[in-house]
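Q: I need the structure of the sequence given here:
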Amino acid sequence: MATSSRRIGDEPAFVLHRYDWSESSLILEVFSRHHGRIALVAKGAKKPSSNFRPVLLPLQPLRVAFGGDAEIRTLKSAEWVGGQVMPTGDALLAGYHLNELLLRLLPRDDAHPRLFDSYAAAVRVLASGQGEALEPALRAFELLLLREAGFLPSLDAQTSTLASLQAAGRYSLVPEGGLVETSDPDRAALTGERWLALQEALDDPAPFEAVLHAAAQAPELKPQLRHLLHYHCGVSALRTRQLVLELQAL
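A: Here you go, the predicted structure:
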């Protein structure tokens, strides 16, 4: 029997996106630990009396049950796990950024339990109110997502030649070339030492925490990952970034 035809219960999950399905129901895009990104219909979720109404919020840890054998399965129950508050301000926008990346880069019904754990850890950082950890948390999750999706080359060698990195050399991560040496002082780049530290962190048994620490030492990583993400998402700018720019212009 296919997994989708069974009732699944007590599944760790986060709501990534929700939109109207009817006057009273919602379609949810959900990231679950053991079943990956899935689509669920929450029948009656918009009714004032619905138990779903106060629970189906983004960036909140849930336990859900669902069933059915169609592409869009039926949500049976959802329970808020608790333990953290909703991020606000810049942290909330950062959370929407993570959700958009998952929606664009992960296919449905493809389990990524390690990435789910990293996402949950990133959301905890966003909800903690530690402003100085916001950017490192974003870079850490972006790196882990790119690796999990198969879009991140090894960071301990030049991609095209497999030549070893020199600690003091400067290398850029580019969409079509991977990790390449550069002598251009105006080009965003990291030293070989920084790239090697990031690769070591990615290989750590607790990769999110390790990459978070390594990314905090590498602010030049941001523009390089932005270009790589735009390339693989097939866009010139992500919607959440456009929203940030519009809010800054007000």
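
Q: Give me the distance between residue 123 and residue 41.
A: Applying CB to CB, to the nearest Å, one obtains 24 Å for the distance of residue 123 from residue 41. Quick note: C-beta positions are derived from backbone N, CA and C, even for glycine.

Q: more neighbours, the two?
A: When neighbours are counted by other CB atoms under 10 Å, residue 123 comes out ahead of the other of residue 123 and residue 41, with 25 against 18.

Q: and the gap between that one and residue 110?
A: Distance check for residue 123 against residue 110: by CB to CB, it reads 20 Å.

Q: could you say what helices and strands the strand or helix carrying residue 75 packs with?
A: Element membership for residue 75 (DSSP states H and E) is strand 72-80. In terms of contact count using 3 or more CB pairs under 8 Å, 6 or more residues apart in numbering; DSSP states H and E, strand 72-80 is assigned the packing partners strand 36-42, strand 62-67.

Q: Redo these as CSV? Include distance to residue 225 and mean pLDDT.
A: Putting the helices and strands packed on strand 72-80 into CSV (distance: least, CB to CB, whole Å; pLDDT from 0 to 100) gives the following:
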stretch, distance to residue 225, mean pLDDT
strand 36-42, 21, 97
strand 62-67, 28, 96
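
Q: can you tell which of those is closest to residue 161?
A: Between residue 161 and those, the shortest separation by CB to CB is 35.1 Å, and it involves strand 36-42.

Q: who's in contact with that closest one?
A: 16, 18, 21, 25-32, 52, 56, 64, 66, 71-75, 78, 102-103, 106-112 (CB atoms under 8 Å, 6 or more residues apart in numbering).

Q: got the angle for that strand vs strand 72-80?
A: Inter-element angle recorded for strand 36-42 and strand 72-80: 90 degrees (by axes from the mean of the first three to the mean of the last three CA atoms, to 10 degrees).
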